[in-house]
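> Sequence and computational prediction follow.
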Amino acid sequence: GVRVVTLPRMLPSSYAKQALSHVGKPTPVVTKGLATMPRNIYDEDHESFRASVKEFVERTLVPRAEEMIRDKTIPREIWKAAGDMGLFGLDIPEEFGGAGILQDYRFRAIVLEETIQSGNGSLAGAFGIQDDLAVPYIVHMGTQEQKEKWLPGMADGSKKVVFAITEPDAGSNSHRITTTARKDGGDWIIKGQKTFISGIDQAQAVLVVGRTEDHKTGNLKPALFVVPTDTPGVKIVRNVGLYGEADNHGSHALIHYDNVRVPAEALLGGEGQAFVIAQTRLGGGRIHHAMRTIGLAQKALDMMCERALSRETQGSRLSDKQFVQGYIADSYAQLLQFRLMVLYTAWEIDKYNDYKKVRKDIAAVKVAMPTVLHDIAWRAMQVHGALGVTNEVPFLGMVTGAAVMGLADGPTEVHKTTVAKQVLR
């Protein structure tokens, strides 16, 4: 279709003034689908849902994006509004207030791709953390009472639950987890620490992975507990900042659990069952990151095209320069390939519901992800010139984000090894 190119509304007005200062009053430019990705795999229901999400993003998220970036928090009313819109709980059964869409990742892709257009990338991450990490465990492993207690609130935005597995000495190797949970009468006592825990801000509970003792063998088995954040002994030591985030105002928490006492019903599933659900839905977090990456890369490509079409130098527009045309062509091809790869892998997850059958492709997506975001953001930065390295535009943040994507949910090198071993079988 025909795409009308305008400056992104999520950017400060100073960007518009500076970006177009050398060409006078801009003339609206129309391109014939230059940066638009084909979406033939979506049907009418998906596109109707996309339109609703777009409208919510423009009406509710965009006006407050800069505020949320500055304050490093998502206001409770924004979280609740997203729940009321149906952006949460896509996998939650209808009886618990969710959408009941258990096997169609395309809806999740739409939420992540569109919310990231608000200008606040952490929003899309926060929206996905709960549905892709916490929800599956409660849906598939929770008792009826646990589902009734947590799922309705997670669906309507009145409750936020996050996931905690990473420890200071146990990153990608979950077998090194040292947090313990021991029985004391009818309760469990949890002791240990977790780090790089995303989305703890305003969360009501954390799914905590700890090890329980098998009294027959003496071995420690991984178990999962729903621990309310206001339980005595839970201490958020600090919010670790990534590059560019202020000290103690970051987005990833270090949490100490100092002999935290929780009742027997806090145990989710059985002892030794913490990683059972991972056998079918472990890739959810990685595909979640990939879908966010698609939204970010699309935004960078759109801005690159807008800059190329509006900026004149040495007698012609940047869009007439072959170097810039090469940047745009390479970015379009790279993003199209990655988008289809991600959606194909998501389709496999839905179809097989068996992590082992999709493990190779999930790992391949994770390998490709940081390179795609880095390359497209870097090209967009180059096309913007000196403006490209300022905080008026998001490209350096995207480049840094690409480095994060190469480490989150396991480093690229580990996933390359997984792909190679699977291919060589």
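Here it is on my side, so go on.
> so where's the chain shaky on pLDDT?
Along the chain, segments meeting pLDDT under 70 span 1-40, 102, 119-122, 172, 214-218, 246-250, 277-284.
> what about the helices in it?
13-19, 44-56, 65-71, 76-84, 105-115, 121-129, 135-141, 144-156, 278-281, 284-310, 322-352, 355-383, 395-405, 412-423 (DSSP state H).
> okay, these in JSON lines with mean neighbour count next?
The C-beta positions use only the backbone N, C-alpha and C, and glycine is treated the same way. As requested, the helices of the chain are exported to JSON lines (neighbours: other CB atoms under 10 Å):
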{"stretch": "helix 13-19", "mean neighbour count": "15"}
{"stretch": "helix 44-56", "mean neighbour count": "15"}
{"stretch": "helix 65-71", "mean neighbour count": "14"}
{"stretch": "helix 76-84", "mean neighbour count": "17"}
{"stretch": "helix 105-115", "mean neighbour count": "24"}
{"stretch": "helix 121-129", "mean neighbour count": "24"}
{"stretch": "helix 135-141", "mean neighbour count": "22"}
{"stretch": "helix 144-156", "mean neighbour count": "18"}
{"stretch": "helix 278-281", "mean neighbour count": "17"}
{"stretch": "helix 284-310", "mean neighbour count": "24"}
{"stretch": "helix 322-352", "mean neighbour count": "17"}
{"stretch": "helix 355-383", "mean neighbour count": "22"}
{"stretch": "helix 395-405", "mean neighbour count": "20"}
{"stretch": "helix 412-423", "mean neighbour count": "15"}
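> mind putting those helices in TSV, distance to D169 included?
Putting those into TSV (distance: least, CB to CB, whole Å) gives the following:
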stretch	distance to D169
helix 13-19	43
helix 44-56	40
helix 65-71	32
helix 76-84	32
helix 105-115	31
helix 121-129	23
helix 135-141	23
helix 144-156	30
helix 278-281	21
helix 284-310	21
helix 322-352	31
helix 355-383	23
helix 395-405	21
helix 412-423	17
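> Please identify which of these is closest to T231.
helix 144-156 (14.6 Å; CB to CB).
> Determine how far that closest one lies from the middle of the whole chain.
Remark: helix 144-156 is offset 22 Å from the chain centroid, using CA atoms, centre = their mean, to the nearest Å.
> counting contacts, what elements does it pack onto?
Of the remaining helices and strands, those touching helix 144-156 by 3 or more CB pairs under 8 Å, 6 or more residues apart in numbering; DSSP states H and E are helix 76-84, helix 135-141.
> Show the contacting residues for R307.
19, 318, 380, 383-384 (CB atoms under 8 Å, 6 or more residues apart in numbering).
> how about the strands in the stretch 101-250 of the chain?
All strands of the stretch 101-250 of the chain, identified by DSSP state E, counting those that start in this stretch, fall at 161-164, 180-184, 187-198, 205-213, 220-228, 234-240.
> For A126, find the nearest of these.
That would be strand 187-198 among those, by CB to CB, at 7.7 Å.
> So which bits of that closest one are buried?
188-198 (16 or more other CB atoms under 10 Å).
> and of those, the nearest to M341?
M341 lies nearest to S198 out of these, by CB to CB, at 24.3 Å.
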